[in-house]
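Engineer: this one's sequence-less:
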C-alpha cells in the first residue's frame, strides 16, 4: 500500500486541501486529509509533494496511434483530401514494425501528457501491435480494428465477412484481458466506407460481447452531402434505424449534427467525443457542444492525433472552451469546469471504463499529480481554471494507472523514452515526404 | 566567442542541416555548417546538441506583466466586464512589491517559453519595476506606462499633463539603455480612456524621441459602439486624423476593423499585433488576419497575458492558424509558415528591434534551441509545422538573448526559479478572490 499526496486534490466531492490517497493494488482504497491518512495506515511508499495537485488521469476519447508517423506532414488539408491523399496511403503501407513504433511512441507521449485512458482507432491491419504496446506501457485502453468494406483504397478495403471475422478474433484475444485494462470496441471507420451489412454485423458483435460501438459521424460538409445521397437522411437517423444508437454507442465529431438528431442521440443515451483541435485543423467547423450538454449528452474530448499534432488534453479542454466563446461571442458559452469533466469523467463513461475518471475511494487508481511550481501555476489562483487555460504536459510530474506508477517525477518507469523515440525516428523517418 | 549548434537551423536563408552560429558579445558574427565553422574559429564554449533545432527567439508583441497575478481568476468575462470588474481594480491597488513580483514571474515564464523579446503594457504606476525586472533577467523589452486620462477608475486616471510628464521622465530614464535592450513606447490604453489632448501629446513624444506608439484598437463590439458615438467615425480614422498612424504605430487587436480601415493601416505602414488566444478567451471575435496579410500589413502575435493564461508563443501561432481555418472553413486560410513569421521576424519589426527576429550573420544573438527528443518532435517530419502545431514551452532547452545565455538545458541562469515562484506566490496570493 502506498500514498499519493499533495497540497490539493480534485476529488469527486470537490477540491480538498492537504490531501492523500491510499492505494492498494489497482484501487484507491481510502482518501482523506494527509495527516489523518498517515495515522490510519502504514505506507510503503509516498508519491507527491506539498505543492502538488492530485488530479484524475486524463481520458483521450479519440485518437489514431498508427497515424502518428504523419505528424507535421499533412497540415493545411480538409478531411477528405487529408484522408485520400495521405492517411489512407500511409495506413495501407503500414507493416508490423511501423505499427508498433507508432503505437509505442504515441502511448509514451500520452503518458507524459497525463493521459491514463486511451481510445485508439488503430487501423485495418496490425491491431495486435496497439494492444501489445498498451499492455507493455500500462495504459487503460479501448482499441478496435478500423473496418472498411467499400469506397476504400485496395490495401484497406476488405470483404464484409473478413472485417467482422478479424474483429471477432481480436475480441476473443484481447477484450477484458490484462486485468480488464485492455478492451475492444467495434469500429467501422465511417458510413461512407461501411456497407449496411457491415453496420448490421457490427451491431451483432456489440450485442454478443457487450461492446462499445465507435464510429466517426458528421465531421465535414462534403461527407454529409455524400451521406444524404446514400441514405436520403442523416447518418444519425440511419444508425438509429439499424439499432446502433444506444448507451454503448460512442460517436466522434458530430460537427454538423442538427438539433433534432442531437436530441435523438441524447434520448438513446449515446456519447459524443468532441475533437476541437482536429475540427479546427481540418477546417471542419465548430461542433455545438453547448447544445449537446443542454440536451444531456455525455460529451468527452479527443486529441484525434494525427489530425492534430499533440496529445495534450489540457489543450483540447482549452480549445473546447475558446472555440465556443469565440464563435458565439459569449464568454459564458463554455466554461472550464465543464471542459475539465469532458477530459476526465465524461471520457471514462464514454469508453465504458467503470470506476475511473474521478478520484474517490473504491475507484481504480488512475491518478496524476501536477506541480504548482510549474510556470502554469505561478501564481496559483484557481486550480481548474489554470489546468484548463494555463497548463502543459510538462506540468504533470507523476502518472499512475490502475495502481501502477508509469511516470515518477517525469521519469518514465515503463520504458526508456530515448530508445523509443530514437527507434521510432529510425523506423518512421524514411516515410517523410509521403 | 562561443558556438550554438544543432542538427537543424531555421535561418533567414531557409532551413539548414548540421549548422552552427558563431556568437561574439551580442552578435551572430558568422554561421555555417558545423564542421566548417569549427575549423574557422576556436570556440570557448559550445551550446546545443546534435538533435537540436536552432530557432530565432520568439517575440511576444503584446502582454501585460502586472496583470499576471489575476491569472486563473477572471475566466468567462467579456472585455469590458473583465476590465471594469477585475483588472482595473487590481491595477489600481498595485504596489511596488506586487508590481515587481508580477514582472519577474512573467519574464521568467516567458524565457522558459522561448521568448526573448517582449512588449509589455505594464500599468499606470510602478513602470520602473518592469524595466528593472527586464534588465535583471536579460530580455529585450519594449515597455510603456499605460496612460488613462478619462473614463477611468480613481486609482488609474491621471491628468493629461501628469500622464505625459511621467511618460517623458520614464523615456529619459530608460529608453535605449542597457545596451539598447530597454526601449520605451508611448502607450495610451485605448481611445475610450484617452482624450484627444492625450493622443496629441503622445504624438509629440513619439516624434520627439522617435518612439513606437502602441494602443489597443477595435477589440470588441461594445467598445466600437462607444467609439462611434465619440468620434462619428472609426477609431482608426480618428488616430489617422491625429497623425498617429505611421510606420512607428503598433495597434493591438483590430478584431472588428473593416477592410477600408485595414487598407489605411497598410498604406500608413503600421503594424498590428494579433492576440488569438485573448480574442477567443474574452469572446471578442475573429480578427481577419488573412486580409491583413493580403493588404501587406505587418502582423505579429501577442499572448496578451493576463487576458490569456500562458506565455506559449507556440500556442499563439497554433491558434492563429486554427482560428482562421475553422472560421473560414478553409484549411489553407492560414498556414504555419506565416504564423511562424508572425511569432518571430514580424514581431521584431513591430517592436522596432532592428537586427533581431531571424538568424543571420550580423544580427543580434537572440537564439533558442528546441530538443527533437521532446514529445512534440517524435517523429520529426516538418520542422516549422511541428513547431507551430506540436511544440510546448518544454520543447525549449536553451535561450540566448543579446548573446547572453539566459537558460541552459532548461536551467535558468539569470535567477533562481523556485525563489521567484515562491516569492510571487507569497506576495500575490493574498489577492485571490478579488
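Structural biologist: That came through fine. Worth saying up front: this structure is predicted, and the values here are computed from it rather than measured.
Engineer: can you name the residues that contact residue A:277?
Structural biologist: A:303, A:304, A:308, A:315, A:316, A:319, B:322 (Cβ atoms under 8 Å, 6 or more residues apart in numbering or on different chains). Using the backbone N, CA and C atoms, a C-beta is placed for each residue, glycine as well.
Engineer: inside helices: which ones of these?
Structural biologist: Assigned to helices by DSSP state H, the following of the contacts of residue A:277 qualify: A:315, A:316, A:319, B:322.
Engineer: the second one: what's its closest spatial neighbour, skipping adjacent residues?
Structural biologist: What it means is residue A:316. Spatial nearest neighbour of residue A:316, excluding adjacent residues (Cβ to Cβ, 6 or more residues apart in numbering or on different chains): residue A:301 at 4.6 Å.
Engineer: which member of the ones in helices among the contacts of residue A:277 is positioned nearest residue B:415?
Structural biologist: Within the ones in helices among the contacts of residue A:277, the smallest distance to residue B:415 is 28.0 Å, found for residue A:315 (Cβ to Cβ).
Engineer: does residue A:124 count as helix, strand or coil?
Structural biologist: coil (DSSP: H, G, I helix; E, B strand; the rest coil).
Engineer: I'd assumed residue A:91 was in contact with it.
Structural biologist: Yes. Using Cβ atoms under 8 Å, residue A:124 is in contact with residue A:91, at 6.7 Å.
Engineer: give me the phi and psi for the residue nearest to residue A:316.
Structural biologist: phi -120, psi 140 (degrees, to the nearest 10).
Engineer: if we look at the sheet, which residues does it bridge to?
Structural biologist: For residue A:301, the beta-bridge partners under DSSP bridges are residue A:274.
Engineer: flag every buried residue along the lowest-mean-pLDDT helix or strand in chain A.
Structural biologist: In chain A, no helix or strand scores lower on mean pLDDT, DSSP states H and E than helix A:79-82, which sits at a mean of 85. For helix A:79-82, the neighbour count (16 or more other Cβ atoms under 10 Å in any protein chain shown) marks A:79, A:82 as buried.
Engineer: now for it, which elements pack on it?
Structural biologist: The helices and strands touching helix A:79-82, judged by 3 or more Cβ pairs under 8 Å, 6 or more residues apart in numbering or on different chains; DSSP states H and E, are helix A:221-231.
Engineer: next SSE after the helix it packs on?
Structural biologist: helix A:235-241 (DSSP states H and E).
Engineer: give the closest residue to residue A:88 in space, chain neighbours not counted.
Structural biologist: residue A:153 (4.8 Å).
Engineer: tell me the contacts of that neighbour?
Structural biologist: A:88, A:89, A:92.
Engineer: from memory residue A:330 sits against residue B:283, does it?
Structural biologist: Yes. Counting by Cβ under 8 Å, residue A:330 does reach residue B:283; the two are 5.6 Å apart.
Engineer: any idea of the mean pLDDT in the helix or strand hosting residue A:406?
Structural biologist: Residue A:406 is part of strand A:404-408, with elements assigned from DSSP H and E. The pLDDT scores in strand A:404-408 average 98.
Engineer: sorry, back to before: could you tell me which residues touch both of residue A:124 and residue A:91?
Structural biologist: Joint contacts of residue A:124 and residue A:91 (Cβ under 8 Å, 6+ apart) are A:146, A:155, A:156.
Engineer: now the buried members of the residues you listed.
Structural biologist: A:146, A:156.
Engineer: okay if I get the shared contacts of residue A:124 and residue A:91 as CSV plus secondary structure?
Structural biologist: Shown next, in CSV, are the shared contacts of residue A:124 and residue A:91 (three-state DSSP):
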residue, secondary structure
A:146, strand
A:155, coil
A:156, coil
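Engineer: mind checking how far residue A:85 is from chain B?
Structural biologist: 12 Å (Cβ to the nearest Cβ, to the nearest Å).
Engineer: neighbours of that residue, how many?
Structural biologist: 12 (other Cβ atoms under 10 Å in any protein chain shown).
Engineer: how far away from the center of its chain is stretch A:314-331?
Structural biologist: Distance of stretch A:314-331 from its chain centroid, counting by Cα atoms, centre = their mean, to the nearest Å, is 19 Å.
Engineer: sorry, wrong one. I was asking about stretch A:177-184.
Structural biologist: With Cα atoms, centre = their mean, you get 16 Å for stretch A:177-184.
Engineer: tell me which other helices or strands the host helix or strand of residue A:99 touches.
Structural biologist: In the assignment (DSSP H and E), residue A:99 maps to helix A:96-112. Under the contact criterion of 3+ Cβ pairs under 8 Å, 6+ apart, helix A:96-112 touches strand A:58-63, strand A:115-121, helix A:127-137, strand A:396-401, strand A:404-408, strand A:411-412, helix A:417-428.
Engineer: tell me where the stretch 151-300 of chain A is predicted with low confidence.
Structural biologist: Scanning the stretch 151-300 of chain A for pLDDT under 70 picks out nothing.
Engineer: need the residues of it near chain B, please.
Structural biologist: A:221, A:277, A:279, A:280, A:281, A:282, A:283, A:284, A:285, A:286 (Cβ under 8 Å from any Cβ of the partner chain).
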